[in-house]
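Peer 1: Pasted the sequence and its predicted model underneath.
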Amino acid sequence: MKKGLDILYKLQQNDDTIKELENTIKELPAAVKIMESERDGKASIIEHTKNKLNENVKEREKLEEEVLLIKEKIKKYKEQMNKSTTNKEYQGFMSEIKFEEDNISSVEERIIERMLGSDEIMKEIRESEAEYNKIADEYNKNIKELNQSLAENKTKLSEALQTRELLRKDIPENLLKIYDQLIKKKGGKAVSFVEANFCGICNVKIRPQRFSELITTDSMFFCENCSRILYKKIEENKKK
Ligand SMILES: [Zn+2]
């Protein structure tokens, strides 16, 4: 029986491992997804600077249109000026034309400002791209590690499942039946490792009489509080 219990305890430990591995395997893909979406969210730093550039181009186009409209106006003034009959009328058009020409100069200055601004924005775009690449590299490295860990855990799980089959073959049928029932009823914990003279799971003290029987006889004992199979590792020298 004690040998049966040894294997039963190994089975419990292996089942614990299987449970942990299954949980990890379930959680890892979600962690990868979170990292991927965080990484993609960081691309907004590039978007932001690209939007600034679009804005700049739009402003420039608007100003260029404005120049065309003013030139059109000047052309009409000149036509009217040529048809003017009095000197006063002529002078009037002259001053209008002068006013609009100054206007063109000021709009053209604003166009140049935008052009210089766009060089600055292009620089910002390159910087934000470099920054994003640096951040994305870090994320990709972590994502790769998570995926590697997922693959490793899957391998470990398949090994643990094989071990489970091997261990179960070595355990008597009746013992296995009790174990499986307890696993179902007791949240996956059928065997309790006895620490000193306490049940390792519910921490209730084992009565001295039972405890002495537990370590000296081959019988199987259950915790009087939580009903789990008690397992006390017998030291090699005590066995002899
Ligand atoms: Zn207990």
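Peer 2: Everything's here; your move. Numbering: from 1, shown residues only.
Peer 1: alpha carbons only for contacts and neighbour counts from here, please
Peer 2: OK.
Peer 1: Is there a neighbour count for Gly187? I'd like the number.
Peer 2: 8 (other CA atoms under 10 Å).
Peer 1: Is it in a helix, a strand, or coil?
Peer 2: Look at Gly187: counting by DSSP: H, G, I helix; E, B strand; the rest coil, its state is coil.
Peer 1: Quick check: phi and psi at it.
Peer 2: Per-residue torsions, Gly187: phi 60, psi 40 (degrees, to the nearest 10).
Peer 1: Number the residues from 8 up from this point.
Peer 2: New numbering, starting at 8: the last item is Gly194.
Peer 1: What confidence value was assigned to it?
Peer 2: pLDDT recorded at Gly194 is 95.
Peer 1: Over to Ser226?
Peer 2: 86.
Peer 1: Do a quick rundown of the helices in this structure.
Peer 2: 9-49, 51-89, 94-176, 180-192, 215-223, 243-246 (DSSP state H).
Peer 1: Which strands or helices does the fifth one pack on?
Peer 2: Under the contact criterion of 3 or more CA pairs under 8 Å, 6 or more residues apart in numbering; DSSP states H and E, helix 215-223 touches no helix or strand at all.
Peer 1: what about Thr224, how many neighbours?
Peer 2: For Thr224, using other CA under 10 Å, the count is 11.
Peer 1: circling back to that earlier point, a markdown table for the helices of the chain, including distance to Asn204 and mean neighbour count?
Peer 2: Shown next, in a markdown table, are these (distance: least, CA to CA, whole Å; neighbours: other CA atoms under 10 Å):
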| stretch | distance to Asn204 | mean neighbour count |
| --- | --- | --- |
| helix 9-49 | 17 | 16 |
| helix 51-89 | 61 | 16 |
| helix 94-176 | 27 | 15 |
| helix 180-192 | 21 | 14 |
| helix 215-223 | 7 | 14 |
| helix 243-246 | 16 | 7 |
